[in-house]
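S.K.: A predicted structure for the sequence below; I have some questions about it.
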Amino acid sequence: MKKTHLLRIGKTAGCVALAGCLLFGSTAPAYAVSPLYGMDAVVRAARAAEPGEYLYTQLNENEKAVYNAIIDQIEELTRSDTDPSGVQVTIPKDSGYSLTGKPVFAVFRDHPEFFWVDSSKLVWAEGNPKIDTDGNEVYVLSCKNPGESFFYDGFTTENLQDYRDRLNDKVDEIKQNVPSTALDELAVLKYLNDWMAQNNVYNAQGLGADNFSRCAASGLLSDNNADTTEDDPVCYGYATAMKVLLDAFGMENAYIEGWAYNTNNQPNGEQHAWNYVKLDDGSGQKQWYALDPTWDDPSVSTLPARQVYFLVGTNTETEKNLPGFEIFGKNHDSSTAKSPAYKEHKFTYPTLATDARDPSASGDVMLYKGDGSTAAYGTLDAAMQNAESGDKVILQNAVQVDSTITLKDGVTLELNG
């Protein structure tokens, strides 16, 4: 008997309300048998969003239940590359909820670690919903073109587990090799940006390459050899790989698709993908910044990232020789007119900071909170203002004090970090 998900959805005063999501015959998600990055698997039900689930936050409660049901059953999408029907959801009769492709779209944008699935080839089967003996509606995932593989090029049911193991091992390796001097998120981001540049070359076939180059495995498992192209990433591979890493480090982030312009693709620009990440702006406030690991890659395997598109804002000048498109907000267009996420499902993206994050301010002043968390500040004043009893403030580099510093009760200040 196949596992199905019953989405307990009820009506309340003209709206649809979620009451729960149960996985029949199991108490944990199917993918718990092979957890990603060694994370403890948890039962997916109504829950708060994880740091990288930006699209999930825009779903209503019923759509979130479907999203979670798909993740619970992700192992069903490893058993056959032409039959995804192991993923099923059951909607109680008279619920008033109509299932759409929106949760499917969101799952595979938020979770590029499910790298083998080409979600553009998946739909809820025509003729759905079927009606079970209790009158509930049963929806089954299917291929748009029956018999066609929904795996990205290069993946088979026979080699998939090896790819998954290799990708997880690579993520673990990257995490273990974080420099000891990377004491805050900004320094870790620099490390990740450099890692992407030094371990990849852009696929010379561009968007004409096999669609393997569009998935996260291409950006994490590339042979970094410009003379071969079959396993090298295009922009989607860079951006999804970066998202896997940002997720692995627990950073709040979003995967972005839109249209981009540079001196090589004039006059029309091209489809493109990049990343947003939310972090402290140096004053204790969190803002969204953009990074484009594709266009920051000098395509020389031994060189670090160019840092031109690293933590930029809408007004950051990134294309000085492109009249009308000099600033990032112009040369990277993720507006509703250019965004597949919006055009297909009305998803929106975060609002970027106006200016770039100063990449030189990493770790000047570190605030170690009593709960074990850390934060980096560009000034001692800002760190002290955010310190509370039980916290420790450590200077990592020389800083200028612009005012009198007040040391709060219970706060420790170390001047020689």
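M.R.: That came in fine, so what should we check first? Residues are numbered from 1 along each chain as shown.

S.K.: nearest the middle, which residue of this protein would you pick?
M.R.: For the chain, Lys243 is the residue whose C-alpha lies nearest the centre (C-alpha atoms, centre = their mean; 3.8 Å).

S.K.: ok, now how distant is it from Thr302?
M.R.: 25 Å (C-beta to C-beta, to the nearest Å). Where you see a C-beta, it was placed from the backbone N, CA and C, and this is true even at glycine.

S.K.: same check on Ser142?
M.R.: Taking C-beta to C-beta as the measure, Ser142 falls 46 Å from Thr302.

S.K.: next secondary structure after the lowest-mean-pLDDT helix or strand in the chain?
M.R.: Across the helices and strands of the chain, mean pLDDT, DSSP states H and E gives its lowest value to strand 15-23, namely a mean of 29. Sequence-wise, the next helix or strand downstream of strand 15-23 (DSSP states H and E) is helix 61-72.

S.K.: quickly run through the sheet partners of the next helix or strand after that next one, with directions.
M.R.: Next along the chain after helix 61-72, taking DSSP H and E as the criterion, comes strand 88-91. Here strand 88-91 is paired, per DSSP bridges, with strand 5-12 (parallel), strand 137-143 (antiparallel).

S.K.: can you tell me what sits against the last one?
M.R.: What that stands for is strand 137-143. Contacts to strand 137-143, defined as C-beta atoms under 8 Å, 6 or more residues apart in numbering, come from residues 4, 70, 82-93, 99, 104, 121-126, 128-132, 149-150.

S.K.: select only the buried ones of these in PyMOL?
M.R.: Those of the contacts of strand 137-143 that count as buried under 16 or more other C-beta atoms under 10 Å are selected in PyMOL with:
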select buried, resi 4+70+82+84+86+87+88+89+90+91+92+99+104+121+122+123+124+125+128+129+149+150
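
S.K.: number of nearby residues for Trp103?
M.R.: Quick fix: residue 103 reads Pro, not Trp. Using other C-beta atoms under 10 Å, Pro103 has 24 other residues around it.

S.K.: next one: the helix or strand hosting it to chain centre, how far?
M.R.: Using DSSP H and E, Pro103 sits within helix 102-110. Computed by C-alpha atoms, centre = their mean, to the nearest Å, the chain-centroid distance of helix 102-110 equals 11 Å.

S.K.: and the helix or strand just after that helix, which strands flank it?
M.R.: Counting by DSSP H and E, the next helix or strand C-terminal to helix 102-110 is strand 122-124. Sheet pairing here is set by DSSP bridges, and for strand 122-124 it gives strand 137-143 (antiparallel).

S.K.: rounded mean pLDDT for the strand it pairs with, please.
M.R.: Strand 137-143 shows a mean pLDDT of 93.

S.K.: state the mean pLDDT of the longest strand anywhere in the chain.
M.R.: Assignment by DSSP state E gives strand 270-280 as the longest strand of the chain. Across strand 270-280, the average pLDDT comes to 96.

S.K.: which strands and helices sit next to it?
M.R.: helix 185-198, helix 235-248, strand 253-260, strand 286-291, strand 374-377 (3 or more C-beta pairs under 8 Å, 6 or more residues apart in numbering; DSSP states H and E).

S.K.: which residues sit against the first one?
M.R.: In this case it means helix 185-198. 174, 178-179, 181-182, 219, 224, 238, 241-242, 245-246, 249, 251, 277, 279-280, 291, 293, 296-298, 301-307, 310-311, 357, 359, 361-363, 376.
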